[in-house]
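Chemist: Here you go, sequence then predicted model.
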Amino acid sequence: MELRDAIRFYAATDVGKARTHNEDNFLVDKRLALFVVADGMGGHAAGEVASALAVRTLHEEVKRDKELLDRYASEGAAATTATAKDVAMLLEHAVQRACFKIHEEAKADAAKRGMGTTLSALLVVGRQGFIAHVGDSRIYLARDGRIQQLTEDHTVSNELVKRGKLTAEQIEKIFQKDAITRAVGVYERVAVDTLVIELIAGDTLVLATDGLHGYLESPEDLRLPLALEGDAAAKALIDLANDRGGKDNITTVIVKMGEEGAVDTTRAKRLALKRDVLAHTPLFSRLAERELFRVMQAFEVRQYKDDEVVIREGDKGDELFIVLEGKVRVCRGEQTLTHLGPGEHVGEMALIRSVPRSATVTAVGDTEIIAIRRADFFEILRTEHEIAVKMLWQFLGVLADRLDQTNNQLHNAKRELAAEDVTDDIFPVGIDDGATSTPSIDR
């Protein structure tokens, strides 16, 4: 049974204790494996119109391209006629269509002018989850005892935190700190965050509007409600928000992967290993959890047999390699320079320059290696500015270490060359031993 065929989901929405009408909307479509929450904004019930139009338009656009999703699901990792990027672009396009339609309706009706909505969507295709996100609704992932936020809030306070402009105490005093910086429909287009993650049986994903997550002190507050079965879990989350104030509309969609009790321990360990190796690699060690997920979707894992060549000296390459499991040997000519193990990397210069490889790298025994292509690296730098700053800073550190190492080698070589010549002490010139002091040269 395919993972997407064993999805269980539970949804609930509530007006809360302070509002008179509900401007939230949600969607669950098991056949498409599409799940959406949207939190509308605007006067005279315009927020409800915006969120409903966003959900409906997104649904229609995804249904229209179902054939693409089916092709990708059937081809899996060997996808050629449909790629993960195609699916992510489909989801982004659907959000943009919703944005345009809401904006056009607002222009046609002065009472709806300025209306918009947040939107967080999850689309499951094969063993992957595709996320599209705008605004301050959220998607959480509970896996192997950990609960983490996958999306990033597009709010004034979060922007200030990221830029390090103010302390947490100072931000709390800002009146408009929770104002959103992106929304679907306010303008004709909007910047959409997309993310692709590997899913495994036992995963639970929670979609929530801010009427719920605004009352969470940490993602850990989700643990007890999620331990409940069926609709009771969704109801418990609604009750939690109402018990803590209920100042806003409250909506949640809980998506559980696999049949009840199913856990894919083997794949969970593999994904955890990839994450941990990447997190401990100098280039990516400063990235937050969501940022690691973003980088993980850009790499490929390859298997190599003993003595199989990973990099050949003199060849031009465009990939960075990180050892996931096993070991590799680095040689220049006939000389072995070093061995690299899990978490160590080689070929980082290929990410920024097309130059011949300076060494040959071969596998020692069965080895698994993470490969990151230059084009994918540049795509992250172009679209993910926060990640770009962190990675480029770390990249400078790696280059500085390389320069220090080279300087030390040159310094040692210079010392050896400048060492006192003791040849004359060993073979004194001018001693009459029957030989001339100047050797003859055959001509």
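Modeler: Received, thanks. Computed from a prediction, not measured in an experiment: that's the story for all the values here.

Chemist: Double-check that residue 211 belongs to a helix.
Modeler: Yes. Assessed by DSSP: H, G, I helix; E, B strand; the rest coil, residue 211 belongs to a helix.

Chemist: and it, what is it in contact with?
Modeler: 16, 24, 39, 241, 246, 247, 248, 249, 250, 251 (Cβ atoms under 8 Å, 6 or more residues apart in numbering). To be clear about C-beta, it is placed using only N, CA and C from the backbone, and glycine gets the same treatment.

Chemist: which strands and helices sit next to the top helix by length along the chain?
Modeler: As assigned by DSSP state H, the longest helix anywhere in the chain is helix 385-418. Applying 3 or more Cβ pairs under 8 Å, 6 or more residues apart in numbering; DSSP states H and E, one finds that helix 385-418 makes contact with helix 289-296, helix 374-383.

Chemist: and the gap between the residue sitting nearest the centre point of the chain and residue 92?
Modeler: Nearest to the mean C-alpha position of the chain, counting by Cα atoms, centre = their mean, stands residue 294 at 1.3 Å. Distance from residue 294 to residue 92, counting by Cβ to Cβ, to the nearest Å: 14 Å.

Chemist: As a check, name the ranges of all strands in the stretch 251-400 of the chain.
Modeler: Remark: strands assigned in the stretch 251-400 of the chain by DSSP state E, counting those that start in this stretch are 300-304, 309-311, 319-332, 335-340, 345-346, 360-373.

Chemist: To residue 188, which of the ones you listed lies closest?
Modeler: Of all those, it is strand 360-373 that lies closest to residue 188, at 33.2 Å by Cβ to Cβ.

Chemist: in that closest one, what's buried?
Modeler: Within strand 360-373, the residues scored as buried using 16 or more other Cβ atoms under 10 Å are 360, 361, 362, 363, 367, 368, 369, 370, 371, 372, 373.

Chemist: my guess is the third one meets residue 309, correct?
Modeler: Yes. Contact criterion Cβ atoms under 8 Å: residue 362 and residue 309 qualify, at 5.4 Å.

Chemist: what domains does the record give for this structure?
Modeler: Domains of the chain are assigned by automatic domain parsing as 3-262, 268-397.

Chemist: The first one - what's its average pLDDT?
Modeler: Spelled out, that is domain 3-262. For domain 3-262, mean pLDDT rounds to 91.

Chemist: Equivalent analysis for the last one, please.
Modeler: When pLDDT is averaged over domain 268-397, the result is 89.

Chemist: Endpoints of it, how far apart?
Modeler: Length of domain 268-397, first residue to last, Cα to Cα, to the nearest Å: 32 Å.

Chemist: so how far is it off the chain centroid?
Modeler: The chain centre lies 16 Å from the centre of domain 268-397; the measure is Cα atoms, centre = their mean, to the nearest Å.

Chemist: The first one too?
Modeler: In terms of Cα atoms, centre = their mean, the centre of domain 3-262 is found 17 Å from the chain centre.

Chemist: how about the contacts of residue 211 in JSON lines, adding neighbour count and distance to residue 322?
Modeler: Shown next, in JSON lines, are the contacts of residue 211 (neighbours: other Cβ atoms under 10 Å; distance: Cβ to Cβ, whole Å):
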{"residue": "16", "neighbour count": "21", "distance to residue 322": "47"}
{"residue": "24", "neighbour count": "30", "distance to residue 322": "42"}
{"residue": "39", "neighbour count": "31", "distance to residue 322": "39"}
{"residue": "241", "neighbour count": "27", "distance to residue 322": "42"}
{"residue": "246", "neighbour count": "20", "distance to residue 322": "47"}
{"residue": "247", "neighbour count": "16", "distance to residue 322": "46"}
{"residue": "248", "neighbour count": "23", "distance to residue 322": "44"}
{"residue": "249", "neighbour count": "26", "distance to residue 322": "45"}
{"residue": "250", "neighbour count": "30", "distance to residue 322": "42"}
{"residue": "251", "neighbour count": "30", "distance to residue 322": "40"}
